[in-house]
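Chemist: Give the three-dimensional model of this entry:
(one chain, ligands or ions: 2)
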Amino acid sequence: MRKKIPVILDVDTGIDDGVAIILAAKCPKIDIKLVVTCHGNTTIKNITKNTLFILEKLKRFDIPVAEGMASPLLIKRPHVSAHGADGLGGYQYENPGFDLLKESALEATHKILSESQEKITYICLAPSTNIANLLKEHPEDADKIQEIVIMVGSNEPVKDGETPYKEFNASVDPEALSLVLDSKIKKTIVSMEMGHTAYLNWKDVYKTEKTNAFGEMLENIFRGYKDYHVRNGIATHDGCTVAYVIDPTMFETREGHMQVRFFEKLGSGVGVIDYDKTPNVTITTKINIKKFKKLYFKTLKKCKI
Ligand code: BDR
Ligand code: CA
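Modeler: Ligands and ions are numbered 1, 2, ... in the order given. Next up is the predicted model:
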């Protein structure tokens, strides 16, 4: 069997982060070295609890989890979450029975990277605060990162004077994103459109519920999903991002340039993509919906409660 891909997963769980954790934790190709939590979809305490809950349901007690940044690097901005106040759409569950690492996300990530004999892929499904903080505090760790695969931004053009479509992860901590984009590490951007293309339609949601008890639980969680993540079904932006690491052939990509543009009117920033400038990132432009759903349902069948 091919060597597994070692990864660090940075999450703000979050309904679609939950789907992403499931895809990664059940994939035989992926070796999760560490999960770090980050502020974003809800408070850091809720996010950490939700993350431990999902891992517990997957019986992956072996995966270390470290709590990360509770707020953005520099500026705290008000934001609305599509995941409900508690991050899992109001889904009620018992307190998870397994513990966090004592180290912070920064300490744990630094330890794993500095002691690793191989390069590690960093998957960021949250605002970029943890990874930006790591690059600030331990710039030498950049050499140990194979690639940063990050769910952020949109291919939708932003014109002058226009209110741009805000992608959540970019808008919550644009200063951190800017720092990450400036780094020399190879970066792949899994843009907003992937989740909105390969969304689970209502038939898929029904099939999810009928697959097994795990699917029934997921369907319950999906019910609390709101706003732009729910158009004709359930968008799993973060799930698509993990799918990119599992099978990049599922995607079409293009080399491009991403830069943070700060909009006074919004009091925040967006990741603006420009294909005419010197590329600094790889950007996903298309996802194979069939392949994504096949991966999702194949994974779900492996989940037993
Ligand atoms: C991103 O924002 C969050 O709401 C999701 O978890 C995803 O990471 C999509 O914009
Ligand atoms: Ca997320």
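Chemist: contacts and neighbour counts: CA atoms only from here.
Modeler: OK.
Chemist: List the residues that contact the residue in the chain that ligand 1 sits nearest to.
Modeler: Closest to ligand 1 within the chain is residue 168: 4.1 Å, counting by CA to the nearest ligand atom. With contacts defined as CA atoms under 8 Å, 6 or more residues apart in numbering, the neighbours of residue 168 are 127, 152.
Chemist: quick one, helices of the stretch 1-150 of the chain?
Modeler: Assigned helices in the stretch 1-150 of the chain, in chain order: 15-25, 44-57, 105-115, 129-137 (criterion: DSSP state H, counting those that start in this stretch).
Chemist: for those, which one ends up most surrounded?
Modeler: Comparing the helices of the stretch 1-150 of the chain by mean neighbour count (mean count of other CA atoms under 10 Å), helix 15-25 comes out on top with a mean of 24.
Chemist: Distance of residue 177 relative to residue 205?
Modeler: 33 Å (CA to CA, to the nearest Å).
Chemist: Comparing those two, which residue is more hemmed in?
Modeler: Under the neighbour definition other CA atoms under 10 Å, residue 177 and residue 205 were set side by side, and residue 177 has more, 27 against 21.
Chemist: ok, for that one, nearest residue in space, not its chain neighbours?
Modeler: In space, and not counting its chain neighbours, residue 177 is closest to residue 128: 5.3 Å by CA to CA, 6 or more residues apart in numbering.
Chemist: Then residue 199?
Modeler: residue 235 (4.3 Å).
Chemist: List the residues that contact the one you found.
Modeler: Applying CA under 8 Å, 6+ apart to residue 235 gives the contacts 16, 195-200, 229.
Chemist: Return the closest of these with respect to residue 99.
Modeler: Using CA to CA, residue 16 comes nearest to residue 99 of the contacts of residue 235, at 22.5 Å.
Chemist: follow-up on the earlier one: quick check, pLDDT for the residue nearest to residue 177.
Modeler: Reading off the per-residue confidence, residue 128 sits at a pLDDT of 98.
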